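>>> Here's my sequence, what's the structure:
(one chain, ligands or ions: 1)
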Amino acid sequence: MAQLLFRDDPYLKSCEAAVTGARENVVELDRTVFYPLGGGQPGDSGALQLADGTRLRVVDARKGADDESVLHCLEPAAALPAPGTRLTAQIDWQRRHRLMRFHTALHLLGAVVEAPVTGGRIGEDKAHLDFDIGMEKLVKEEIEARINALVDAGHTTRPAWITGAELDARPELVKTMSVAPPRGAGRVRLLEIPGVDLQACGGTHVANTREIGRLAVVRIRSEGKRNKRVTLAFAQ
Ligand SMILES: [Zn+2]
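Coordinates of the predicted model:
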């Protein structure tokens, strides 16, 4: 179990930490800024810097035994720091910030398209949601105009927490049917964009929708009976 600093401050680029475990090519820390793969958002990459300046490259971050632990995956055959070693954990911020912008953009897309979400994926260069909806209801120009209006409106975003029981009583908060929200320590994290969207989400988001920048709908395609995929990219 580690202190997951990205939950309360997704803008933290680095933190001091101590090694709590190391095996094969995986390091665990007592606190971390690394977001582990989950909810359609990729795990962070970056580095662990030791006191002597040695930088151990982190190629991926995954969830450990529970939602409160993070496995920092090093390159194969990397020299592992011993438990107790103090170091600086530093994420690849340029990459993470793009993921945060796209992640927040998907909340806007989910608010604009009124249909159950059947899947989703966030990348560095594009992101998509799948909807259970008729293709004829997905109009590129209309979706693009509406999400960009939400971007331009400069809505603030904020995390909130509710209990697992409260979430069970409000199933509408779980929009993405294929992704169960993390339930660490009996509580569930929500992401609220007041007046726009409120749903269970453990990911990292930008603080204001304006920070996403303008978006383009680059593709609308059927990926199956219940999967009509809308793909977004940053507008040039
Ligand atoms: Zn989210």
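
>>> In the protein, which residue sits closest to the ion?
Nearest to the ion, among the residues of the chain, is C201, at 3.2 Å (CB to the ion). The way it works is simple: take the backbone N, C-alpha and C, and place the C-beta from them, glycine included.

>>> Please, which helix or strand holds the residue lying closest to L80 once chain neighbours are set aside?
Nearest residue to L80 in three dimensions, chain neighbours excluded: A22, at 4.1 Å (CB to CB, 6 or more residues apart in numbering). Here A22 sits within strand 14-23, counting by DSSP states H and E.

>>> for the next helix or strand after that strand, which positions count as buried?
Downstream of strand 14-23, the next assigned helix or strand under DSSP H and E is strand 26-29. Buried residues in strand 26-29, counted by 16 or more other CB atoms under 10 Å: V26, V27, E28, L29.

>>> Look up phi and psi at the residue most central in space within the chain.
Central residue of the chain (CA atoms, centre = their mean): G203, 3.3 Å from the mean position. Here is the backbone geometry of G203 (degrees, to the nearest 10): phi -80, psi -170.

>>> can you check R101 too?
Per degrees, to the nearest 10, the backbone of R101 is at phi -60, psi -50.

>>> burial count for it?
Neighbours of R101 under the rule other CB atoms under 10 Å: 20.

>>> Please name the residues that touch it.
V206, E211, I212, G213, F234 (CB atoms under 8 Å, 6 or more residues apart in numbering).

>>> just N148 next, same as before
R214, L215, A235.

>>> for the chain, which spans come out with low pLDDT?
For the chain, applying pLDDT under 70 flags the ranges 176-185.
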